[in-house]
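> Return atomic coordinates for the entry below.
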Amino acid sequence: MYAWIWRKLPFDGVIGKLLTSLVLLTGILALFWFVVFPWAEPLLPFDDVQVTQEGGIPGAPAADDPGLIGPSADPRESNLDDHDIPYSTATDNPLPR
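Take a look at the predicted model:
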């Protein structure tokens with residue numbers, strides 16, 4: 001099969017056939033990179049990650065942690081001074097609502 005492809009490539013000589021092969025390969029890769037992959041990306045489940053576990057998220061702070069303020073609490077009415085952060089810096093998981 002590869003011998004048939006090599007014979008069907010245009011131009012004579014090894015250099016001409018290698019350059020033709022390189023141009024065809026570059027064109028096919030560009031077609032995949034700019035057309036096929038962007039079309040197929042929404043169909044692939046790589047961004048649809050859902051991790052669930054019984055009993056909540058491991059390592060997440062407890063909901064009754066006094067250092068956390070709920071989403072409906074007004075930080076001006078809390079007992080925090082000007083330098084306290086009104087959310088947890090121990091985890092990047094948002095608080096459940």
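
> Could you point out the longest helix of this structure?
Using DSSP state H to define each element, the chain has its longest helix at helix 13-31.

> CA-only coordinates of the helix or strand that it is followed by in PDB, if you can.
Using DSSP states H and E, the next helix or strand after helix 13-31 towards the C-terminus is helix 37-40. What follows is helix 37-40, C-alpha atoms only, in PDB (Å, rounded to 0.1, in the frame of the first residue of the first chain):
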ATOM      1  CA  PHE A  37     -11.000  19.300  16.300                       C
ATOM      2  CA  PRO A  38     -13.000  22.500  16.900                       C
ATOM      3  CA  TRP A  39     -16.100  20.800  15.500                       C
ATOM      4  CA  ALA A  40     -15.700  17.800  17.700                       C
END
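
> in helix 37-40, what's buried?
For helix 37-40, burial by neighbour count (16 or more other C-beta atoms under 10 Å) applies to no residue. C-beta coordinates here come from the backbone N, C-alpha and C atoms, glycine included.

> Same question for stretch 4-21.
For stretch 4-21, by 16+ other C-beta under 10 Å, it's Lys17.

> Now that stretch: average pLDDT?
Per-residue pLDDT over stretch 4-21 has a mean of 90.

> residues in contact with that stretch?
Outside stretch 4-21, not one residue touches it by C-beta atoms under 8 Å, 6 or more residues apart in numbering.

> gap between the two ends of it?
For stretch 4-21, the first and last residues are 13 Å from each other (C-alpha to C-alpha, to the nearest Å).

> Name the spans of the chain whose pLDDT lies under the cut-off.
48-88, 93-97 (pLDDT under 70).

> Would you mind giving the domain segments of it?
2-45, 60-91 (automatic domain parsing).

> tell me which element Gln5 falls in.
Quick fix: residue 5 is Ile, not Gln. helix 2-8.

> With Phe11 instead?
Secondary structure (DSSP H and E) places Phe11 outside all helices and strands.

> That'll do, ta.
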